[in-house]
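S.K.: pasted the sequence and its predicted model underneath.
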Amino acid sequence: MPNALEAVKQAAMDAVKAGKPTEVLFGTVISADPLKIQVEQKLALGEKQIILCRNVKDYPVEMSVEHFTEETDGHQHPYRGKKVFLVHNRLKAGEEVVLLRVQGGQKYLVIDRL
């Protein structure tokens, strides 16, 4: 899976190849599931047109932890090691986002929230 910088570079190259330069746009999430983003008054983007950066979706992250569980009935346990946690970063209805138009206007890369 490409990181955000690689995705932006690829988007820019695809746009140049298509003869339509990359354009920065602003939109509003009108539905989270299925994902729909309103860009301008007439353009509503669906999931097939949207590419999401990690900034705007849920993703797992591995972290090192070293602490104790909460005390219950006078008893605690150590909690150590590498653990996988889910970062809840999914877009929600009503949020405003920044997008890049790519591939001649066929795909839109959602970079971040405003």
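M.R.: Looks like it came in fine. Note that the coordinates shown come from a computational prediction; the quantities given were computed from them, not determined experimentally.
S.K.: which residues sit in contact with the residue nearest to residue 78 when sequence neighbours are not counted?
M.R.: Of all residues beyond its chain neighbours, the one nearest residue 78 is residue 68 (5.7 Å), with distances taken as C-beta to C-beta, 6 or more residues apart in numbering. C-betas here are computed from N, CA, C, even on glycine. By C-beta atoms under 8 Å, 6 or more residues apart in numbering, residue 68 lies in contact with 76-79.
S.K.: low-confidence regions, the chain specifically.
M.R.: For the chain, the stretches with pLDDT under 70 are 1-2, 15-21, 103.
S.K.: helices of that one, residue ranges please.
M.R.: Here the chain has its helices, by DSSP state H, at 4-17.
S.K.: wouldn't residue 31 be in contact with residue 92 here?
M.R.: No - look at residue 31 against residue 92 with C-beta atoms under 8 Å: they stay out of range, at 9.9 Å.
S.K.: which one of the two has more residues nearby?
M.R.: The neighbour comparison of residue 31 against residue 92 (other C-beta atoms under 10 Å) goes to residue 31, with 15 against 10.
S.K.: list the contacts for that one?
M.R.: Residue 31 makes contacts with residue 93, as judged by C-beta under 8 Å, 6+ apart.
S.K.: identify the bridge partners of it.
M.R.: Going by DSSP bridges, residue 31 is paired in beta bridges with residue 36.
S.K.: tell me the spacing between it and residue 91.
M.R.: Note on residue 31: its distance to residue 91, by C-beta to C-beta, to the nearest Å, is 10 Å.
S.K.: could you do residue 73 as well?
M.R.: Here residue 73 is placed at a distance of 42 Å from residue 91 (C-beta to C-beta).
S.K.: contacting residues for the residue nearest the centre of the chain?
M.R.: Against the mean C-alpha coordinate of the chain, by C-alpha atoms, centre = their mean, the closest residue is residue 56 at 2.4 Å. Shown in contact with residue 56 (C-beta under 8 Å, 6+ apart): 89-91, 97, 110-113.
S.K.: okay if I get the residues you listed as JSON lines plus distance to residue 51?
M.R.: Listed next are the contacts of residue 56 as JSON lines, based on distance: C-beta to C-beta, whole Å:
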{"residue": "89", "distance to residue 51": "15"}
{"residue": "90", "distance to residue 51": "15"}
{"residue": "91", "distance to residue 51": "13"}
{"residue": "97", "distance to residue 51": "12"}
{"residue": "110", "distance to residue 51": "7"}
{"residue": "111", "distance to residue 51": "10"}
{"residue": "112", "distance to residue 51": "13"}
{"residue": "113", "distance to residue 51": "16"}
